[in-house]
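sequence and predicted model, in that order:
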Amino acid sequence: MTSKQLEAINLEAFTDQELDTLEKRVAKERKRRDRSRIEEAEREIRLVAAKYGIKLEEALSDLNGRTGPSRRRVPPKYRHPHDPDTTWSGRGRTPRWIQEWEQQGGSREELRIAH
């Protein structure tokens, strides 16, 4: 469809419900096309990687500046006082259970895991 043909569509003639339906169909089609392009790109990249005898994951990890296939996990520093399976590494956002512990007068040091 040319841009003149698109301009010729009288959107004012559509009801709100018809415009909503059209908008949803356009969004769905865009997602389908994006997914299709991503899948095709991945196929092509895998073929190139295979040509050089490497796995795609290895090539991508090298591009990201990492030498290993996955990130190293940080050991936990704090343990939940009532649920020993719940821990926190001390990095990132403070978990709610630690915030609640401190609000009730507890010390973070009381939750520290002895190493």
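Thanks, I have the structure now.

on contacts alone, who are the packing partners of the worst-scoring helix or strand of the chain on mean pLDDT?
Least confident helix or strand, the chain: helix 56-63 with a mean of 72, by mean pLDDT, DSSP states H and E. For helix 56-63, the elements it packs on are helix 16-51, judged by 3 or more C-beta pairs under 8 Å, 6 or more residues apart in numbering; DSSP states H and E. The C-beta positions use only the backbone N, C-alpha and C, and glycine is treated the same way.

now for the helix it packs on, which elements pack on it?
Against helix 16-51 (3+ C-beta pairs under 8 Å, 6+ apart) you get helix 56-63.

downstream of the helix it packs on, the next helix or strand is which one?
Downstream of helix 56-63, the next assigned helix or strand under DSSP states H and E is strand 78-79.

and that next one, what other elements does it pack with?
Packing partners of strand 78-79 (3+ C-beta pairs under 8 Å, 6+ apart): strand 87-88.

let's see 6 Å
Using 3 or more C-beta pairs under 6 Å, 6 or more residues apart in numbering; DSSP states H and E, no helix or strand is in contact with strand 78-79.

follow-up on the earlier one: in the least confident helix or strand of the chain, what counts as buried?
By 16 or more other C-beta atoms under 10 Å, the buried positions in helix 56-63 come out as Ser61.

sweet, I'm off.
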